[in-house]
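**Q** Need coordinates for the following:
(3 chains)
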Amino acid sequence: MRRRWPPALLLAFAALAMTAPMIWTVLLSLKPNGELLKSTQTAFAPPYTLENYADILGHSAVFGWLLNSSIVSLAVTFGVLALSSLAGYGFARLNFPGRNALFVLVLFGLAVPEQSVIIARHQLFSAWHLHNSYAGLILPGLSAPFGVFLMTQYFRAIPKELEEAAWLDGASRFKTFARILLPLSLPAQATLGIFTFLSIWNDYWWPLISATNSDRYTLTVGIASSQMNFAQTNGLGFLMAQAVFASLPILAVYLLFQRYLIAGVARAASR
Amino acid sequence: MKSAADRGEARSGLLFVAPFLLVFLVLLIYPLLSGMWLSLHKADLFGGSQFIGLENYVRLFRDAEFLKSVRNTCYFVVLTVPALTVIGLGLALALNTGSRWSAFLRALFFSSSILSVTIVTLIWRMVLVPDGGLIADVLARFGIAPIAFLSNARLALPAIAITTIWWCIGLPMMLFLAALQQVPKELYEAAVLDNAGFLRILTHITLPSIRRTAIVVVVIEVILQFQLFGQAQIMTLGGPDNASLPIVLFAYQVGFQRWDIGYAAAASEVLFCMILAAAMIQMYVARGRRGAFS
Amino acid sequence: MTVRRLLAAVALLLAGCARHDNGQVQITLQRFFGACEAQYGSSTDVAAAEGECGIITTLINKFNAENPGIHVKTNVVYWPGYDQLSAALAAGEPPDLVTMHQSVISDYSQRHLILPLEAGLAAEGITPGQFTAAAREGVVRQGHIYALPFDNWAPLWHVNLNLFKKAGMLKDGAPLMPHSPEELLSQARAFTKATGKPYLIQSQVNESSAYARNLFTFLMQQNADFFKDPKRINLETPEARRVLELFKELYAENLTTKDQDYTAATSAFLNGGGGVYLVGTWMIGTYDQAARDPNSPLYGGYAVYPYPQLYPGRDVTYADGHSWAVPNARRSAQRQRAIFRLLRFLKDNDFEWSRTGHLPAIQAVVDDTKWQSLPHRRDLAKLDHIAEPLPVGVQRQFLIQQIISQEMQSAITGQKTIDTALGDAERRVNDLLFNLL
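**A** Predicted coordinates:
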């Protein structure tokens, strides 16, 4: 295959556009607040300092925010993987009354945006006293139908012969599912897991109105709460350092699981 | 006559789907229906409601602010979705090689997607503001006056669109990359043997092969970008003068600032219908050209 | 087997996380004023703290240190935080204390979302007679005290005397002040010509209140009764037109900064970016500190005054105030006591809070020479009787300010004609008030 060459210039420009804001943020975080108050142009040149990061380690609430985001994201991820795998297998392989109608309902759920349900959900959780709790932040994420859709498609594509052997041996449905199909679906699980994790990590509106107690602030809400006030001028370096610091864990997760992401997307795209 | 095996299978099936369905019905379907019911009431955030039928909807369509938010949202989708699709495809085409550079750049272009919206707004505010922003500082080096993107009625929404494209480009790129890698190599080899040029290969082999993915990308992005909220709320508060007010922010303000949740619910239902219509139109167009889609 | 053990461990962990009860009563306080933990962390040195954020942070830290049986947890929200409060109230899990503008108290008191406090306050020895008249009016509704007043504030004319001197507009150490719109324009032109800097610094972007404060002040000065009926605003008047024309002219002639949000404008004044900054009492402390710093453009050259009387009606300026309200929720007697203990502490430290520049809410503090000798307070003495809020019956004042500010911004920047903007503002505000439940 003849090598297709990228219009290198356009690509370079795109790469610059992508990295410039990030580099700018890092540069700002490496400057003392006082200097930035006078002018941000000082960020273009040394001397740089780590004092903002030291301040974070000493005083910032960002650790609490990171912890909450991590707990909620991980819990939703594992929950979604479990629920979607089970339901996906049920829809793909098993015949039960109302199966097709229910699946259509699940598909319909894909088009429902969060905004159409969020107010009613807020009222529901108020009645159940679930606000300002991990449960309140975790449960809504479990209702997303995307995972079920993905896993159903995935299981449908797996040839039936693989299970028939186990079935003939007298294994129960659940055992067949757990011993054979689940391991086979790991790539799809990896993709679903990462997408779920990312989308819950970035969730803004729900935590904003449900976790109003700073104890339960997730990262998005915490970072939002520190914006839009005077601290943004006389604490700009610190604010930027907080943003950089808060991004590191998710960047680490991303770098570790990149491979699964790409492979998984490939699978999803070919369905 | 249903055999025992069939009944056993039915029971198993229901057990497998029950956990998810329970959560799905209680936390998605029920609030959806409840929200629709709520939209038919004049309701206060703190209790108290009165059935008023479709009056909220009538009021919405006479509400200049709401209509502006609808126009803004549609404009925003038009600004972002084609750009995300085209740029995503372009990047995928450019980076569909096995080289180390490509791998590095792929990772780079996806890295912005993993950031949360409030970090993205923090980063981009400091790029866009005329007082001390990156663009303003760079322009100052050339002696050019700063541009007030976020406070200019015509530039605010495009500025948010650029922020969003920067943020969201990873997913379309990855989806296209995956699709490109599925295209059988033989097709390309045959084209090379035929001495086909780059453009010919693109239009006759590449694009048709990834058609399905392109549709998926467009549908996903349309649904996503209709739901614009965080960027507008934090960067411009929907201003100046509601020039960047999306429907979701309108609903949020009506619900949690004016405490008029019946009205807010009605606005969300209108958004839902718009998204549903957009998605269905695209599915229909997609299905119309070729056979069944999934 | 291992699964069961794992579940048991998780259950224990969750139970442990529930409520760590070491005998401490925990109360939650929601406030704005910013987050400054980088600077003040856990410092309890209130006297050394500066600015709203610094002083309130150190005050709460000090209370926690002095009251080991009580732990105050602070939720910092971005201004004004009423979205979160509403969400928390709707969820049935509101904070125990919340900062609330006096102009907003009616919205919550009417729905019984905040509690009357006179009994609890009286038990701590706090009576309404101890408040200043303005503070008392700000927190009393239908004979009940619905919040502990913390301060009263007004928008002010902050002046960079160094630049005024350069423009030759300083006389006996006092800046030249305008007494009519025409004078304002001519002085502004002279200033800008002489110094090359804009006369006014204004926060104009993402700004939901400054515009409205200006409008209200200058409408009141013209005796325009724009809220004769608290349920209807009347803005399509020649008085309102005059005010908008003035600000539009200032904008058109580049006599004011442009495109700045609150943060940018606040620091622009610190950096000597203009002659007069229109902002409130809360910046006095910070600017005064800068005026004592030889490296600052404000060194030795900062003064602050109430808004000048530009119209022949009367000398008046719009005002509001901060207060502490207690959202309606079921609480143990212990927690109730802790809340009022904290309120008592805040009241006792009203002087420290007033070092920000806000006007004290406690009459004893105002009468004390200690407060009177704080810098610039003498220049603001007349705020005592010329500061006026909107009529008490006007609801949803913050939303009204937001609507008016949006429309004013459009008119001033030339995107709408003044008449259209005033008409739209009037229509939107009346629509809002009409549709209130």
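**Q** can we go C-alpha only for contacts and neighbour counts from here?
**A** Noted.
**Q** ranges for the helices of the stretch 151-294 of chain B?
**A** Along the stretch 151-294 of chain B, counting by DSSP state H, counting those that start in this stretch, helices occupy B:156-168, B:170-182, B:185-193, B:198-201, B:207-209, B:211-226, B:230-235, B:247-256, B:261-289.
**Q** List the contacts of stretch C:112-132.
**A** Residues outside stretch C:112-132 that contact it (Cα atoms under 8 Å, 6 or more residues apart in numbering or on different chains) are C:89, C:108-109, C:136, C:144-149, C:325-328, C:340-341, C:343-344, C:360-364.
**Q** In strands, which of those appear?
**A** Using DSSP state E, the subset of the contacts of stretch C:112-132 located in strands is C:144, C:145, C:148, C:149, C:325, C:360.
**Q** Kindly identify which of those residues also come near chain A.
**A** Near chain A, judged by Cα under 8 Å from any Cα of the partner chain, there are no entries from the ones in strands among the contacts of stretch C:112-132.
**Q** Now, of those, which are buried?
**A** C:145, C:148, C:149, C:325, C:360 (16 or more other Cα atoms under 10 Å in any protein chain shown).
**Q** From chain B, how far out is the first one?
**A** From residue C:145 across to chain B, the span is 22 Å (Cα to the nearest Cα, to the nearest Å).
**Q** Now do the same contact list for that residue.
**A** Residue C:145 neighbours (Cα under 8 Å, 6+ apart): C:116, C:117, C:118, C:128, C:139.
**Q** Can you give me the pLDDT of the fourth one?
**A** Here, the pLDDT recorded for residue C:128 equals 93.
**Q** ditto for the last one
**A** Taken from the predicted model, the pLDDT recorded for residue C:139 is 94.
**Q** Next: the second one.
**A** Residue C:117 is assigned a pLDDT of 95 by the prediction.
**Q** So, low pLDDT: which residues of the chain?
**A** Unless you meant another one, I'm taking chain A. Applying pLDDT under 70 to chain A flags the ranges A:1-6, A:228-234, A:261-271.
**Q** my question was about chain C
**A** For chain C, the stretches with pLDDT under 70 are C:1-22, C:437.
**Q** Quick check: residue C:158 is in a strand.
**A** Yes - with DSSP: H, G, I helix; E, B strand; the rest coil as the criterion, residue C:158 is located in a strand.
**Q** What is the neighbour count of it?
**A** 25 (other Cα atoms under 10 Å in any protein chain shown).
**Q** sorry, back to before: kindly indicate which of the ones in strands among the contacts of stretch C:112-132 lies nearest residue A:116.
**A** Of all these, residue A:116 sits closest to residue C:325, with 32.7 Å by Cα to Cα.
**Q** what's the distance between the nearest residue to the closest one once chain neighbours are set aside and residue C:107?
**A** Of all residues not flanking residue C:325 in the chain, residue C:147 sits nearest, at 4.4 Å (Cα to Cα, 6 or more residues apart in numbering or on different chains). Residue C:147 sits 13 Å away from residue C:107, going by Cα to Cα, to the nearest Å.
**Q** Counting neighbours around each, name which of those two comes out higher.
**A** More crowded of residue C:147 and residue C:107, by other Cα under 10 Å: residue C:147, with 32 against 16.
**Q** got a list of what the more buried one touches?
**A** C:105, C:116, C:117, C:139, C:140, C:323, C:324, C:325, C:326.
**Q** For burial, what's the neighbour tally of the residue in the stretch 151-300 of chain C positioned nearest to chain A?
**A** Proximity of the stretch 151-300 of chain C to chain A (Cα to the nearest Cα) peaks at residue C:263, 5.4 Å away. Neighbourhood size, residue C:263 [other Cα under 10 Å]: 18.
**Q** what's the closest non-adjacent residue to the residue of the stretch 51-200 of chain A found nearest chain C?
**A** Residue nearest to chain C within the stretch 51-200 of chain A: residue A:126 (4.3 Å; Cα to the nearest Cα). Nearest residue to residue A:126 in three dimensions, chain neighbours excluded: residue C:91, at 4.3 Å (Cα to Cα, 6+ apart).
**Q** hmm, stretch A:210-230 in reach of chain B?
**A** Yes - applying Cα under 8 Å from any Cα, one finds stretch A:210-230 touching chain B at A:220, A:221, A:223, A:224, A:227, A:228.
**Q** Can you select the buried ones among the residues you listed for me in PyMOL?
**A** In PyMOL, the members of these classed as buried (16+ other Cα under 10 Å) are selected with the following command:
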select buried, chain A and resi 220+221+223+224+227+228
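**Q** if we can go back for a sec, which one among the ones in strands among the contacts of stretch C:112-132 gets closest to residue B:101?
**A** Using Cα to Cα, the ones in strands among the contacts of stretch C:112-132 come closest to residue B:101 at residue C:325, 59.1 Å.
**Q** doesn't residue C:98 make contact with that closest one?
**A** Yes - at 5.4 Å, residue C:325 counts as touching residue C:98 under the criterion of Cα atoms under 8 Å.
**Q** So residue B:132: helix, strand or coil?
**A** At residue B:132 the chain is in coil, as set by three-state DSSP.
**Q** got a list of what residue C:414 touches?
**A** Residue C:414 touches residue C:248, counting by Cα under 8 Å, 6+ apart.
**Q** mind checking which helix or strand it is in?
**A** Here residue C:414, judged by DSSP states H and E, is contained in no helix and no strand.
**Q** if I look at it, how far off is residue C:184?
**A** To residue C:184, residue C:414 is 20 Å away according to Cα to Cα.
**Q** repeat for residue C:400
**A** 27 Å.
**Q** quick one: which of those two has more around it?
**A** Between residue C:400 and residue C:184, counting by other Cα under 10 Å, residue C:400 is the more crowded of the two (23 against 19).
**Q** isn't the more buried one right next to residue C:431, touching?
**A** No - counting by Cα under 8 Å, residue C:431 is not a contact partner of residue C:400; they are 10.6 Å apart.
**Q** which bits of the stretch 1-150 of chain C sit near chain B?
**A** The stretch 1-150 of chain C comes close to chain B at residues C:82, C:83, C:86, C:87, C:89, C:90, as judged by Cα under 8 Å from any Cα.
**Q** which of the residues you listed lies closest to residue C:335?
**A** residue C:89 (17.9 Å).
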